[in-house]
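>>> okay, here's the prediction I keep looking at, along with the sequence it came from:
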Amino acid sequence: MTKSVHIIYITIMVLIVILSFSAIVYFGNSYYATSLEERFFHENHRILEPKGMWGHGLGIFGSLFMIVGVTSYMARKRYRFLSRLGLLKHWLEFHIFLCTLGPALILFHTAFKFGGLVAVSFWSMVAVFLSGIIGRFIYIQIPRTIEGRELSLNEVRDMKSDIGAIIKSSYNLDEESYNKIVESTTNASNRTGSLGEVKKVLKKNKLSKEQYNNVLKLVRNEISLNRRIDRLVIMQNMFKYWHVAHLPFALVMLIIMVIHIGVTVTFGFRWIF
């Protein structure tokens, strides 16, 4: 998928969510704004209530979107043969799309009336949605390959060059200057201060402009990789804790959703079929 196609792909998904939400709000605003006690007398009550044609349909499609969104992404991660069907990051984006549109439809399916066991499923869904936003933030902080696979700590470390050996063999620096430059690359938390120190050292050694720029480029790259390593360690640990919260809420939501659907069918509630 080229960059332009990918942008179109993302834009279409965002537009679908926005237009769907806007259309439901436009059509049902007066009904949803009516108090629960008075909705029975509203002209659209029979089609927008949870068991009405539109209300029931929103619940069905919302549930399907979430189930497909969860299972398809889990299958893509688990089964290797699916790796030929697009990059993992594109599957994640599709997962986010369906698991954003699905809860929005479910919200209107409930007609903003929550109670009983279904309320547990609904608030679990809200928790899954909110934790998904946090998970997406953590996800984009972790360095990945172009295919979307998470880089291991060793893979990121392998990107590092032996900056000390390169500088020592290529540039004529005194021992003190050499040590200061090498030490500056390990101080990733203070990039500005480290670069400032390196610039002072290089000026003192009177390197040519080309040599000066080459050393700075090496130092910047080394500091950047050290910061990526530090961030990777932190984000990988956060991701482990995030799964502890995200997955149980998702399981509770899905289990109660299945129970709710089973009870609905058992008691004879049907949609258009």
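It's in.

>>> tell me what the longest helix seen in the chain is packed against?
The residue-count maximum for a helix in the chain (DSSP state H) belongs to helix 209-266. In terms of contacts (3 or more C-beta pairs under 8 Å, 6 or more residues apart in numbering; DSSP states H and E), helix 209-266 is packed against helix 53-78, helix 116-141, helix 153-158, helix 163-170, helix 175-184, helix 191-204. The C-beta positions use only the backbone N, C-alpha and C, and glycine is treated the same way.

>>> let's see that with 10 Å instead.
helix 53-78, helix 88-109, helix 116-141, helix 153-158, helix 163-170, helix 175-184, helix 191-204 (3 or more C-beta pairs under 10 Å, 6 or more residues apart in numbering; DSSP states H and E).

>>> export these to a markdown table and tack on distance to H42?
Below are the helices and strands packed on helix 209-266 laid out as a markdown table (distance: least, C-beta to C-beta, whole Å):
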| stretch | distance to H42 |
| --- | --- |
| helix 53-78 | 12 |
| helix 88-109 | 15 |
| helix 116-141 | 22 |
| helix 153-158 | 58 |
| helix 163-170 | 71 |
| helix 175-184 | 69 |
| helix 191-204 | 60 |
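
>>> what's the most buried one of these?
Mean neighbour count (mean count of other C-beta atoms under 10 Å) peaks for helix 88-109 among the helices and strands packed on helix 209-266, with a mean of 20.

>>> what angle do that one and helix 116-141 make?
Put simply, helix 88-109 runs at 150 degrees to helix 116-141, going by axes from the mean of the first three to the mean of the last three C-alpha atoms, to 10 degrees.

>>> return the residues in contact with L254.
63, 66-67, 70-71, 121, 124-125, 128 (C-beta atoms under 10 Å, 6 or more residues apart in numbering).

>>> which among those gets closest to L36?
S121 (19.6 Å; C-beta to C-beta).

>>> what score does that closest one have for pLDDT?
Looking at S121, its pLDDT reads 76.

>>> these two touch, right, it and H260?
Yes - counting by C-beta atoms under 10 Å, H260 is a contact partner of S121 at 6.5 Å.

>>> closest to L82 out of the contacts of L254?
T71 (11.8 Å).

>>> quick one, what contacts that closest one?
Counting by C-beta under 10 Å, 6+ apart, T71 makes contact with 95, 254.

>>> show me what contacts M74?
M74 makes contact with 91, 95, 250, according to C-beta under 10 Å, 6+ apart.

>>> thought the second one was touching Y73?
Meaning H95. Yes - counting by C-beta under 10 Å, H95 does reach Y73; the two are 3.8 Å apart.

>>> returning to what we had before: next, the angle helix 53-78 makes with the longest helix of the chain.
130 degrees.

>>> where in the stretch 51-200 of the chain is pLDDT low?
117, 139-164, 168, 186-194 (pLDDT under 70).

>>> picking up where we left off before, export the contacts of L254 to a markdown table and tack on distance to Y212?
Listed next are those as a markdown table, based on distance: C-beta to C-beta, whole Å:
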| residue | distance to Y212 |
| --- | --- |
| S63 | 62 |
| M66 | 56 |
| I67 | 59 |
| V70 | 54 |
| T71 | 56 |
| S121 | 63 |
| S124 | 58 |
| M125 | 57 |
| V128 | 53 |
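
>>> look up how far R228 lies from Q236.
Applying C-beta to C-beta, to the nearest Å, the value for Q236 to R228 is 12 Å.

>>> which one's more surrounded, those two?
R228 (19 against 15; other C-beta atoms under 10 Å).

>>> for the more buried one, give its distance to M235.
According to C-beta to C-beta, R228 and M235 sit 10 Å apart.

>>> check what pLDDT L19 gets.
Here, the pLDDT recorded for L19 equals 95.

>>> what's it sitting at in phi/psi?
Backbone torsions of L19, given as degrees, to the nearest 10, read phi -70, psi -40.

>>> contact partners of stretch 47-55?
Taking C-beta under 10 Å, 6+ apart as the rule, stretch 47-55 contacts 24, 27-28, 30-32, 39-40, 42, 44-46, 56-59, 108-111, 113, 118, 264, 269-272.

>>> show the buried residues in these.
24, 28, 31-32, 39, 42, 44-45, 56, 58-59, 108-111, 118, 264 (16 or more other C-beta atoms under 10 Å).
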